[in-house]
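Asker: how does the following fold in three dimensions:
(2 chains)
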Amino acid sequence: MQQTRFAWYLLAPAIILLAVLLVLPIAIMAIYTFYEFVTAGVEKANYTLANWQEFFTDSYYHLFLWKTARVAAITALACAVMGYIPAYFIWMTSFRHKWLLLLLLIVPFWISFTIRTFSWIHILGEQGAINVTLKTLGIIDSPIQMLYTEGAVIMGMIHFLLPYMILNVYVSLEGIDRDLLSAARTLGCTSAQAFREVTLPLSLPGLCAGLLLCFVLAAGSYVTPQILGGNRDALFGNLVYDTIMEQLNWPMGSTLSIVLFVLLGIVSAIYSRYMGLSTIFKGLSR
Amino acid sequence: MKLTQTKRLERMKERYQNGGMDRRTFLGLTAAAAASAGVMTRWSGAALAAVSEVRFDGWGGTVQEAIDKFAFQPYTAKTNLKVVQGTFGDENEIITKVKTANPGDFQVIHSSGVEYYKKYVDGGWTSELNEANIPNLVNVMAAMIEPFRKMTPKLSAVPYDYGTTGIAYNTKVISPEEAKEKGANLLIDKKYAGKIGGFGDKNTRVWYGALQSGQSPNDIKDIEAVWAKVREGRDMTKKYWSSGAELMDLLSKEEIVVTEAWSGRVAALQEQGHPIGYLDPPGSYAWMEDMLVLKGSPMAECEELLNFMLDTATSIAVAEGQNYPPALDPTKVKLTDKIAKMPAFDPTGTMKTLTFADPIYWAEHDTEWQKQWDRISKGA
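Answerer: Residues are numbered from 1 along each chain as shown, chains lettered A, B, ... in the order given. Coordinates of the predicted model:
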């Protein structure tokens, strides 16, 4: 009994912080969704369902939700394909300083996310490194449009999210008993079969955790589409930004924020139901 | 109605903050009230603390560099009052911050003229300047002050500069003759599709949509025709820029060859030697900027700062630095040749040669047009 009380004392600061900094703001936003928008920057606490009605009846918002889900899914899958190989390599390598490889993964986090995103302009732009090189080599006559496209947005998000995927997969791989691989090979498996029958299934929890993290972070992204996307490459986060910052319509902006929050919460809940969120925490704890 | 002691003190505080009472009187009354009540009010501590800095938020880039160099640094040297600076790319961004902040957290804003002034008025964030503390206001063009005074007889802002959002084009690709001949339609010329830029701002989009559809931006009869032009332009536009720095970057790196542009930023590019031409088509979008003092600011210090900024020498130096003509009346104050050559400069001091947005008309449509533009910009 005393031990339980002590545990609560230890947890109390974290619970208070979470309540004040997370639960309370979300609750305030939820209340705002029922406020009446008067004019730019002005709203009244006349409780109304107008904002929710607008969301449910306006297909403009539904299209953006679908588009956001599609782009986030493509990004997460691309991260999975591109991230599994380096994670596997780091796990398998006999390099003495494996920590150095892991350090390389987190080096990009030392530079501001915004600056890293802006750097793509100098790579993908018409006067960027790729176009200039191709033109200099005589491969192209006029620059290829790479910047301000959906592809550029996805690439920018992969750049940002790939380390999360690699770390998750790597942690999962690290948990595999290597004797199982030896046993599989002894029983006649080729190395490809051993990978398919043993390594891949056992690393799936990490892969799925990475997929969930990448999907959720990509779906909530708004800076990357803002910087690297063109007119039509906005995601749902950009709608939230526009509604709050441009239209100064906080009630509608809050409604859209809550929608995104609830939908991503549902995705996480589904994942948790079948895979367990503990795999993510395990990945992040390394 | 009987006033409570707290209410009386709150009113007195507001009077002081709005410049209706000098600091000595205010502190004396506050101290007397505190002594009699045996308590100190929550805000009296802050009031008793000497003001050592003023907060300013502006557009950043070359414009704010000029203000800092020619106004704030000399002001600090003279008064020992520091000007703490912040920047924004879009004025709605700072309005959002003002809305969520405590009165006094944000103090002086380099605001985009009367259309935005109305938003501050509607939000209840404006102050009341004591014009007696800003004697240099007498040199400001009456035509620039009038629209503000129509909205609030007691000003909360002083006009500071003006300019136009005209058309910038790369002279290696587009000749001045072609630009002049096509005017606003240069921005929807299929020949330059994919190399066109634009300011991602509702006002600018609607304004140019109106010009392209042959309508007066201050009396739009057919808004659908305007949106059709906006969509036509969108489909040819490579990038909508959102800050002066981004505009200069796109033009100087030749990512785009034509765009609407702020006259001062184009002048800065020309000074740097870039092959950029500038055209104000008939009905070009003129705007004025003001220095707005928000409610809750230390009024005496802010008024002193505004007066310093409106001083002839300071104002001219800032104008030459930021490449926008000052609000000073050229019929009262002798301005320099460099200013006289700036785009949009009005030598008459009447502002009749420029077309400004009618603040009442635009405010009426603000919400509806903003929403529609946000949708069109995203492909709707």
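Asker: helix or strand right after the strand or helix carrying A:L200?
Answerer: According to DSSP states H and E, A:L200 maps onto helix A:200-219. Next along the chain after helix A:200-219, taking DSSP H and E as the criterion, comes helix A:223-228.
Asker: which other residues reach that following helix?
Answerer: A:113-114, A:117-118, A:120-121, A:124, A:147-148, A:152-153, A:155-157, A:160, A:233-235, A:237-238, A:241 (C-beta atoms under 8 Å, 6 or more residues apart in numbering or on different chains). Heads up, the C-betas are built off the backbone N, CA and C, glycines and all.
Asker: would you mind listing which of the residues you listed are buried?
Answerer: A:117, A:120-121, A:124, A:147-148, A:152-153, A:155-157, A:160, A:233-235, A:237-238, A:241 (16 or more other C-beta atoms under 10 Å in any protein chain shown).
Asker: restrict the contacts of helix A:223-228 to those near chain B?
Answerer: A:L147, A:Y148, A:A234, A:N238 (C-beta under 8 Å from any C-beta of the partner chain).
Asker: now these as a markdown table including secondary structure?
Answerer: Below are those laid out as a markdown table (DSSP: H, G, I helix; E, B strand; the rest coil):
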| residue | secondary structure |
| --- | --- |
| A:L147 | coil |
| A:Y148 | coil |
| A:A234 | coil |
| A:N238 | helix |
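Asker: please list the residues of chain A that sit near chain B.
Answerer: Residues of chain A lying near chain B (C-beta under 8 Å from any C-beta): A:37, A:39-42, A:60, A:64, A:125-127, A:145, A:147-148, A:230-232, A:234, A:238-239, A:242-249.
Asker: one more time with 6 Å
Answerer: A:39-42, A:60, A:126-127, A:148, A:231-232, A:234, A:242, A:245-248 (C-beta under 6 Å from any C-beta of the partner chain).
Asker: select from the contacts of helix A:223-228 every entry located in helices.
Answerer: Of the positions in the contacts of helix A:223-228, A:113-114, A:117-118, A:121, A:124, A:152-153, A:155-157, A:160, A:237-238, A:241 sit in helices, assigned by DSSP state H.
Asker: for those, which one is nearest B:E254?
Answerer: Using C-beta to C-beta, A:I121 comes nearest to B:E254 of those, at 13.4 Å.
Asker: per-residue confidence for A:S285?
Answerer: According to the prediction, A:S285 has pLDDT 51.
Asker: which residues of the stretch 201-350 of chain B lie near chain A?
Answerer: Counting by C-beta under 6 Å from any C-beta, the stretch 201-350 of chain B sits next to chain A at B:R234, B:K239, B:K253, B:E255.
Asker: try 10 Å this time
Answerer: Contact residues (C-beta under 10 Å from any C-beta of the partner chain) of the stretch 201-350 of chain B with chain A: B:201-202, B:234-235, B:237-240, B:242, B:246, B:249-250, B:252-256.
Asker: confidence score at whichever residue of chain A sits closest to chain B?
Answerer: Residue of chain A nearest chain B, by C-beta to the nearest C-beta: A:R232 (3.9 Å). Per-residue pLDDT puts A:R232 at 82.
Asker: residues in contact with it?
Answerer: Contact partners of A:R232, counting by C-beta atoms under 10 Å, 6 or more residues apart in numbering or on different chains, are A:K67, A:Y148, A:T149, A:E150, A:P225, B:R234, B:D235, B:S377, B:K378, B:G379, B:A380.
Asker: can you redo the residues you listed as CSV with pLDDT, distance to B:N80 and secondary structure?
Answerer: Below are these laid out as CSV (pLDDT from 0 to 100; distance: C-beta to C-beta, whole Å; DSSP: H, G, I helix; E, B strand; the rest coil):
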residue, pLDDT, distance to B:N80, secondary structure
A:K67, 95, 55, helix
A:Y148, 87, 48, coil
A:T149, 90, 53, coil
A:E150, 93, 54, helix
A:P225, 93, 46, helix
B:R234, 92, 51, helix
B:D235, 91, 55, helix
B:S377, 88, 46, helix
B:K378, 87, 49, coil
B:G379, 82, 54, coil
B:A380, 78, 54, coil
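Asker: give the other helices and strands that the helix holding A:L200 contacts.
Answerer: If you count contacts as 3 or more C-beta pairs under 10 Å, 6 or more residues apart in numbering or on different chains; DSSP states H and E, helix A:200-219 packs onto helix A:59-92, helix A:150-174, helix A:236-241, helix A:250-274, helix A:278-285.
Asker: with distance to B:T164 added, can I get those helices in CSV?
Answerer: Compiled in CSV, the helices and strands packed on helix A:200-219 are given as follows (distance: least, C-beta to C-beta, whole Å):
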stretch, distance to B:T164
helix A:59-92, 33
helix A:150-174, 33
helix A:236-241, 28
helix A:250-274, 32
helix A:278-285, 53
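Asker: least reliable of those going by mean pLDDT?
Answerer: Across the helices and strands packed on helix A:200-219, helix A:278-285 gives the lowest mean pLDDT, at a mean of 56.
Asker: now the residue nearest the centre of chain A, nearest residue through space, not along the chain?
Answerer: Residue closest to the average C-alpha location in chain A (C-alpha atoms, centre = their mean): A:L217, at 2.2 Å. The spatially closest residue to A:L217, leaving aside those adjacent along the chain, is A:L161, at 5.9 Å (C-beta to C-beta, 6 or more residues apart in numbering or on different chains).
Asker: next, count neighbours for that neighbour.
Answerer: Residue neighbour count, defined by other C-beta atoms under 10 Å in any protein chain shown, stands at 26 for A:L161.
Asker: and the gap between B:M351 and A:Y9?
Answerer: Per C-beta to C-beta, to the nearest Å, B:M351 is found 68 Å from A:Y9.
Asker: what is the neighbour count of whichever residue of the stretch 251-380 of chain B sits closest to chain A?
Answerer: The nearest approach of the stretch 251-380 of chain B to chain A comes at B:G379, 3.9 Å away (C-beta to the nearest C-beta). Taking other C-beta under 10 Å as the neighbour definition, B:G379 ends up with a count of 17.
Asker: list the contacts of residue 222.
Answerer: No chain was given, so I picked chain A. So A:Y222 contacts A:G229, A:A234, A:L235, A:F236, A:G237, A:N238, A:L239, A:V240, A:Y241, A:D242 (C-beta under 10 Å, 6+ apart).
Asker: chain B was what I was after
Answerer: So B:D222 contacts B:A210, B:S213, B:G214, B:Q215, B:A228 (C-beta under 10 Å, 6+ apart).
Asker: nearest residue to A:I123 in space, please, no chain neighbours.
Answerer: Per C-beta to C-beta, 6+ apart, closest to A:I123 is A:A129, 5.0 Å.
Asker: and B:G86, helix, strand or coil?
Answerer: On the basis of three-state DSSP, B:G86 is classed as strand.
Asker: what about the nearest residue to it once chain neighbours are set aside, how many neighbours?
Answerer: Spatially, and ignoring its direct neighbours in sequence, B:G86 is nearest to B:D57 (4.4 Å; C-beta to C-beta, 6+ apart). As a burial measure, B:D57 scores 24 neighbours (other C-beta under 10 Å).
Asker: was I right about B:D57 contacting B:I67?
Answerer: No - counting by C-beta atoms under 10 Å, B:D57 does not reach B:I67; the two are 11.2 Å apart.
Asker: where does chain B have low pLDDT?
Answerer: Filtered on pLDDT under 70, chain B yields the residue ranges B:1-50.
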